[in-house]
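Trainee: have a look at this fold, sequence not included:
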């Protein structure tokens, strides 16, 4: 919803700038004003995508964590990331769905999960997962990696419906 407002404001600014420029026959002042409007639109878009990353960010995160390609027909049910702190540490997570055939090939080499596996997902990610999925998360396959020397951990897995998967990354 927020991105629609920013895009709308950017389009309105460009339209006003072009109209103003045409009205004043592209005088020096109107060209400068148009440049200000265009730069403002670009800056607004850049700030927005830094705070609310695009789907491509989450696809890249999944590929970086899992060393697998993101499913071609994958659709995000939930995605969340916080803005990196001064040290570059952040958390990102997503819940996505894809056809069973794609998920089977994606998780072919991942071992079945044990019932005692505990997810490290918490806070906004866990609440978003449970709200978007509509039920408790039951794992079918699961991979977790903790690297204390670099201050990060990641986990990704396939849920019991075999159409829904998730990933979670956190650095500290």
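Mentor: On my side now, so go ahead. Nothing here was measured: the structure is a model prediction, and the numbers come from that model.
Trainee: now the strands for the chain?
Mentor: Assigned by DSSP state E, the chain shows strands spanning 75-81, 91-97, 139-147, 152-159, 164-171.
Trainee: stretch 56-74: end-to-end distance?
Mentor: Using CA to CA, to the nearest Å, the end-to-end distance of stretch 56-74 comes to 12 Å.
Trainee: and if you look at stretch 67-79?
Mentor: 19 Å.
Trainee: that older thread, and of the strands of the chain, who's closest to residue 104?
Mentor: Comparing those by their distance to residue 104 (CB to CB), the top pick is strand 152-159, with 9.0 Å. (Each C-beta comes from the backbone N, C-alpha and C, glycine too.)
Trainee: quick one: average confidence on the closest one?
Mentor: Across strand 152-159, pLDDT averages out at 88.
Trainee: distance of the residue positioned nearest the centre of the chain relative to residue 126?
Mentor: Taking CA atoms, centre = their mean, the centroid of the chain lies closest to residue 58, which sits 3.8 Å from it. Noted for residue 58: a distance of 17 Å to residue 126, by CB to CB, to the nearest Å.
Trainee: check which residues of stretch 38-52 are buried.
Mentor: Residues of stretch 38-52 classed as buried: 41, 44, 48 (neighbour count, 16 or more other CB atoms under 10 Å).
Trainee: stretch 96-113 too?
Mentor: Quick answer for stretch 96-113 (16+ other CB under 10 Å): 96-98, 102-103, 106-107, 110, 113.
Trainee: so what touches that stretch?
Mentor: Residues outside stretch 96-113 that contact it (CB atoms under 8 Å, 6 or more residues apart in numbering): 58, 62, 68-69, 71-77, 139-143, 157-158, 162-166.
Trainee: can I have the buried ones of the residues you listed as a PyMOL selection?
Mentor: Burial among the contacts of stretch 96-113 is assessed by 16+ other CB under 10 Å; the matching PyMOL selection reads:
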select buried, resi 58+62+71+74+77+139+140+141+142+143+157+158+164+165+166
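Trainee: could the buried residues of stretch 38-52 be laid out in CSV, adding pLDDT and distance to residue 152?
Mentor: What follows is the buried residues of stretch 38-52, written out as CSV (pLDDT from 0 to 100; distance: CB to CB, whole Å):
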residue, pLDDT, distance to residue 152
41, 86, 35
44, 87, 31
48, 87, 26
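Trainee: sort out for me which of these are in helices.
Mentor: 41, 44, 48 (DSSP state H).
Trainee: the first one and residue 47, how far apart?
Mentor: Using CB to CB, one obtains 11 Å as the distance from residue 41 to residue 47.
Trainee: can you pull the contacts of the nearest residue to residue 151 once chain neighbours are set aside?
Mentor: Computed as CB to CB, 6 or more residues apart in numbering, the closest residue to residue 151 that is not its neighbour in sequence is residue 172, at 4.8 Å. Applying CB under 8 Å, 6+ apart, we find residue 172 in contact with 89, 151-152.
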